[in-house]
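>>> Give me a model of this one.
(one chain, ligands or ions: 2)
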Amino acid sequence: MSRADEIVDVLIIGAGAAGAAVAHSLVDTRMKILCLEQGDWVRPSDYPTNGRDWESRPDFSGSPNLRRRPADYPIDDSASPIKPVNFNGVGGGTILYMAHFPRFHPSDFCTRTLDGVGDDWPISYQNLEPFFAANDRVMGVAGLPGDPACPPKDGLLPPVPLGTLGETVARGFNALGWHWWPSESAIATVPYHGRGACLNLGPCASGCAQGAKASVDITYWPEAIRRGVELRTRCRVREITLDERGMARGAVYFDDAGIEHEQRAHVVIVACNGIGTPRLLLNSSSGRFPNGLANSSGLVGRNLMLHCMTLTQGTFERPLSGWQGPIGCSLWSKEFYETDVSRGYARGYTMEILRGSGPVATAQGGLMRGALPWGQGHHAAFRAMFDRTATIVAVGEDLPEETNRVTLDPNTSDSHGMPGVKVQYRLGDNSLRMLAHAGQRATEVLQAAGAVSVAPTLTEGISSGHAMGTTRMGVDPERSVTNAWGRCHDVRNLFIADSSLFVTAGGVNPTSTLQALALYVADQIKMRLDNLFD
Ligand SMILES: Cc1cc2nc3c(=O)[nH]c(=O)nc-3n(C[C@H](O)[C@H](O)[C@H](O)COP(=O)(O)OP(=O)(O)OC[C@H]3O[C@@H](n4cnc5c(N)ncnc54)[C@H](O)[C@@H]3O)c2cc1C
Ligand code: SF4
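Ligands and ions are numbered 1, 2, ... in the order given. Below is the predicted model of the structure:
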């Protein structure tokens, strides 16, 4: 363990999906690497699925406002139709994620050139390709090779089973002649690197006690720690400090006893997620950076992208065995992923087919939609929906808009008195047209699959664990916060390594891409160790 007065070579802030990947990669250099994480390790025995109340445990809710663990910080989402979710602890969001693991498409990196919207990234899919593959090897990704909608990839584990529900919805896609393919999922469908194979029991989004789901506390971190990285938990960073030359000096953090320290470092890497990263930079203002650290562009916290989404649910006559298999992972359709101007909007979306919900979520969904009456008829209505519903989520590409943003919230604070955040987010016209299209297409699929009824599509109030764009990368310091390899334009030894760097959002879940990007950032640092600050 390093002493508090020791200067470490690299200080990583945040032990989630990106921080874990960066630490694992940089350990090759034999530098002294320390990671500070505001949350704790989660023990598999604490996961809700060890008890019968697994669907109703607020301490494992995705919403920090409901969860209210000491490690959480408040997120005021009242000005956003999409509700951000996360998890703060070793593993970050991967503790609760569904492990849906698509990659961005090559076109996602050049939307301005292709379609005249968004902006081009300073890097391409080809730059990230080796890092996608390296990440897949550590995480363990199940899928079926040969998806014609995606670039080829090797080394997939056997796909998760489609099950009755997946086969039923696939028949709907077949009837319409639309693309579908088994989803790619960061789930060990066979024993993998000491992890047990998936049991196909479904409650992945409250934590996988079996260890089949690739959360980074059981993939990247054990090896990174064995090879010398120090991970200090329950250490919340309040502020990144600067020296007299304007270089990052280290970070001020509260330890698990609430005592404040300054940890000095030669290089600081921030990986606190698309909301936590701008929060920390904005809270690190100084005379040199009165509007937030590394924020001479004014873009820290702006261009937030949460993905625009629809949720369309069909009810079927027969049971679908919807609880058999990982909840988020069955099949996807990329039929409407790439731009087709005749549809009236630019870019596109993936349709992802979710499995059935547990009894509590089924009842809550039924009540929300007014389909589950109280009193007479309640049980009959519940029986007609439980294990008889299939849900299509469309994950759509929302375009970067500077008015969609994260700001510090002076009205709320975390357990150490650091301000919470406010999310201001509006669905743009392009997103609204895309969502209308997606809802209609999902309804058609479910009808073609034999649904007896399809509920009106939801587009608001949906949760999203995808937060991107708030410290975007680029070549122009006036239009971006970091350069093409994650180094802040304003502070030459300060790096960002998470999805805050994204220039556009793609129409897929971000974790595979953000981890590949984190490995890319680490690789760029390794290649320049002799002249990192030039
Ligand atoms: C319910 C749910 C379902 C999801 N499903 C999917 C899915 O199926 N597929 C997919 O691709 N993605 C999914 N996601 C999103 C996925 O979890 C995130 O994309 C991913 O975890 C982001 O990685 P990250 O490293 O940027 O941030 P995180 O994983 O959020 O990690 C950031 C870490 O930084 C720590 N931190 C923040 N601020 C500080 C501070 N000031 N001091 C110290 N530590 C700090 C946090 O505690 C946290 O542990 C889901 C998320 C949720 C919540
Ligand atoms: S279905 Fe598989 S991945 Fe999901 S919680 Fe169960 S064992 Fe884990």
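
>>> could you say which helix or strand contains E223?
E223 belongs to helix 220-226 when assigned by DSSP states H and E.

>>> Revised request: answer the last question for A363.
Assigned by DSSP H and E, A363 belongs to helix 359-368.

>>> Give the buried residues for the helix or strand that that helix is followed by.
Under the assignment DSSP H and E, the closest C-terminal helix or strand after helix 359-368 is helix 378-385. In terms of neighbour count (16 or more other Cβ atoms under 10 Å), helix 378-385 has its buried residues at 381-382, 384-385. C-beta here means a position set from N, CA and C on the backbone, and glycine is covered the same way.

>>> restrict these to contacts with ligand 2.
Counting by Cβ under 6 Å from any ligand atom, nothing from the buried residues of helix 378-385 sits close to ligand 2.

>>> Could you check the pLDDT of the spatially closest residue to N430 that is not a sequence neighbour?
Closest residue to N430 in three dimensions, ignoring its sequence neighbours and counting by Cβ to Cβ, 6 or more residues apart in numbering: Y345, at 4.9 Å. On pLDDT, Y345 comes in at 98.

>>> got a list of what Y345 touches?
Applying Cβ atoms under 8 Å, 6 or more residues apart in numbering, we find Y345 in contact with 430-431, 433-434, 437.

>>> In helices, which of those residues fall?
430-431, 433-434, 437 (DSSP state H).

>>> In TSV: those, plus neighbour count.
Converted to TSV, the ones in helices among the contacts of Y345 look like this (neighbours: other Cβ atoms under 10 Å):
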residue	neighbour count
N430	20
S431	24
R433	14
M434	28
H437	20
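
>>> what secondary structure does D108 sit in?
Recorded secondary structure, D108: helix (DSSP: H, G, I helix; E, B strand; the rest coil).

>>> before we move on, back to that, what is the nearest of the ones in helices among the contacts of Y345 to R57?
For those, the minimum distance to R57 (Cβ to Cβ) is 32.9 Å, reached by S431.

>>> now, which of the buried residues of helix 378-385 sits nearest ligand 2?
Proximity of those to ligand 2 (Cβ to the nearest ligand atom) peaks at M385, which lies at 21.6 Å.

>>> doesn't A361 make contact with the closest one?
No. The criterion here is Cβ atoms under 8 Å, and M385 misses it with A361 at 10.9 Å.

>>> what's near enough to touch the nearest residue to T339 once chain neighbours are set aside?
Take T339 and drop its neighbours on the chain: the residue closest to it by Cβ to Cβ, 6+ apart is D115, 4.7 Å away. If a contact means Cβ under 8 Å, 6+ apart, then D115 has 339, 346-347 as its contacts.

>>> how many neighbours does A257 have?
By the criterion of other Cβ atoms under 10 Å, A257 has 6 neighbours.

>>> Then L532?
16.

>>> quick one, what contacts the closest residue to it other than its chain neighbours?
What sits nearest to L532 in space, not counting adjacent residues and going by Cβ to Cβ, 6+ apart, is I525, at 6.6 Å. Shown in contact with I525 (Cβ under 8 Å, 6+ apart): 26, 267, 485, 495, 532.

>>> Return a ChimeraX selection command for the buried portion of these.
In ChimeraX, this line selects whichever of the contacts of I525 come out buried by 16+ other Cβ under 10 Å:
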select :26,267,485,495,532
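
>>> Could I get the contacts of I525 in TSV, plus columns for secondary structure and pLDDT?
Listed next are those as TSV, based on DSSP: H, G, I helix; E, B strand; the rest coil; pLDDT from 0 to 100:
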residue	secondary structure	pLDDT
L26	helix	98
V267	strand	98
W485	coil	96
F495	strand	98
L532	coil	80
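
>>> List just the nearest of the contacts of I525 to W221.
Among the contacts of I525, and counting by Cβ to Cβ, the member closest to W221 is L26, at 13.4 Å.

>>> isn't E444 right next to L176, touching?
Yes. With contacts defined as Cβ under 8 Å, E444 counts as touching L176 at a distance of 6.5 Å.

>>> interface residues of the stretch 251-400 of the chain facing ligand 2?
Proximity of the stretch 251-400 of the chain to ligand 2, by Cβ under 6 Å from any ligand atom, involves residues P326.

>>> That should have said the chain, apologies.
Taking Cβ under 6 Å from any ligand atom as the contact definition, the chain meets ligand 2 at 187, 198-204, 208, 210, 212-213, 326.
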